[in-house]
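Trainee: just the structure for this:
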Amino acid sequence: MMVGLVVLVLMLACCNEVAKAEYTLDSARECLARQEDTIIFGLIERGRLPFNAPTYNYTFLTFLLRDSEAIQAKAGRYTNPEENPFFPENLPPSVVPHYPFSEFLHPAAALININKDIWKLYFHELLPMFVASGDDGNYAQTAAADLSLLQAISRRIHYGKFVAEAKFRESPQCYKPLIRAKDREALMKLLTSESVEKMVVKRVKKKAMVFGQEVTLDRDVKGKKYKVDPSVVSLLYQKWIIPLTKIVEVEYLLRRLH
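Mentor: Numbering: from 1, shown residues only. Below is the predicted model:
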């Protein structure tokens, strides 16, 4: 347990170096592109295990995930504004030295957490799409893989707060009237770039094909096999990650002038 805490602290320290930098729309997009790698490898890791239905006994699953988040909270994970817990009511205070994270976001950002929606889509829609049926008894490993992937997806979606703030700072004169009018539809239209979204969907599918291909020395093998279906990855982004990120952006902007 102590070794795990040390590793987590070191990981957070590496992330903190990024947090020191000033956020811009370009840097935010670069960060989102890097997060694609984490999500794809998370899908691959979870996909190597079968569904393992006993893992999803609600009491067992929430026990493991709540306790895992609590340990990570002690290591300072949720003092980082880029992280959003699934069980915010269960978090103990951090025991590591306080780190002065960037105050780039408006304070209202802390009020935005759509992890309940992410939880539902993950377990009810996403998992059955890419995980094979079966049971190999590795329930703790399954829950750990679920949590890691859930956190990666959540971090990506909630990073919409940073994207929204960067967009707002670039063109405050465009956003302020719509925010004051509470015009969600117009805000959604303004922050949407269909060309960027199409590029992201194509890129994650390509990454999934590269990262997830089965490597073999047998030259006679015909056809490529993938550890996770690239079409599942592109659908995940097109149907859920991108739309939910934009919802976070709109919710953030509506609170931006408070």
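Trainee: can you pull out the helices in the stretch 101-250 of the chain?
Mentor: Secondary structure of the stretch 101-250 of the chain (DSSP state H, counting those that start in this stretch): helices at 115-121, 127-130, 139-158, 160-170, 172-180, 184-191, 194-211, 230-235, 242-255.
Trainee: who wins for proximity to S27 among those helices?
Mentor: Across these, S27 has its closest neighbour in helix 160-170 (8.0 Å, CB to CB). All C-beta atoms are positioned from the backbone trio N, CA, C, and that covers glycine.
Trainee: and that closest one, what's buried?
Mentor: Using 16 or more other CB atoms under 10 Å as the test for burial, helix 160-170 gives G160, K161, F162, V163, A164, E165, A166, K167, F168.
Trainee: in the stretch 151-258 of the chain, where is pLDDT below threshold?
Mentor: Where the stretch 151-258 of the chain drops to pLDDT under 70, the residues are 219-223.
Trainee: give me the angle between the longest helix anywhere in the chain and helix 139-158.
Mentor: Counting residues, the longest helix found in the chain (DSSP state H) is helix 25-47. Going by axes from the mean of the first three to the mean of the last three CA atoms, to 10 degrees, helix 25-47 is angled at 160 degrees with respect to helix 139-158.
Trainee: which residues does the helix or strand following helix 25-47 contact?
Mentor: Next in sequence after helix 25-47, counting helices and strands by DSSP states H and E, comes helix 58-74. Applying CB atoms under 8 Å, 6 or more residues apart in numbering, the contact partners of helix 58-74 are 1, 4-5, 8, 54-55, 77-78, 85-87, 90-96, 139-140, 143-144, 146-147.
Trainee: tell me which residues in helix 58-74 are buried?
Mentor: Neighbour-count burial for helix 58-74 [16+ other CB under 10 Å]: L61, L64, L65, R66, S68, E69, Q72, A73, K74.
Trainee: what angle sits between it and helix 139-158?
Mentor: 60 degrees.
Trainee: and helix 58-74, what's its mean pLDDT?
Mentor: Averaged across helix 58-74, pLDDT comes to 93.
Trainee: may I have it as PDB, with CA atoms only?
Mentor: In PDB, the C-alpha atoms belonging to helix 58-74 read as follows (Å, rounded to 0.1, in the frame of the first residue of the first chain):
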ATOM      1  CA  TYR A  58     -22.800  -3.000  -6.400                       C
ATOM      2  CA  THR A  59     -21.500  -3.400  -2.800                       C
ATOM      3  CA  PHE A  60     -18.200  -5.000  -3.900                       C
ATOM      4  CA  LEU A  61     -17.500  -2.600  -6.800                       C
ATOM      5  CA  THR A  62     -18.300   0.600  -4.800                       C
ATOM      6  CA  PHE A  63     -16.200  -0.700  -1.900                       C
ATOM      7  CA  LEU A  64     -13.200  -1.200  -4.000                       C
ATOM      8  CA  LEU A  65     -13.500   2.000  -6.000                       C
ATOM      9  CA  ARG A  66     -14.400   4.200  -3.000                       C
ATOM     10  CA  ASP A  67     -11.400   2.900  -1.000                       C
ATOM     11  CA  SER A  68      -9.100   3.300  -4.000                       C
ATOM     12  CA  GLU A  69     -10.200   7.000  -4.500                       C
ATOM     13  CA  ALA A  70      -9.800   7.600  -0.800                       C
ATOM     14  CA  ILE A  71      -6.100   6.300  -0.900                       C
ATOM     15  CA  GLN A  72      -5.500   8.500  -3.900                       C
ATOM     16  CA  ALA A  73      -7.000  11.500  -2.200                       C
ATOM     17  CA  LYS A  74      -4.500  11.100   0.600                       C
END
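Trainee: this completes my enquiry, with thanks.
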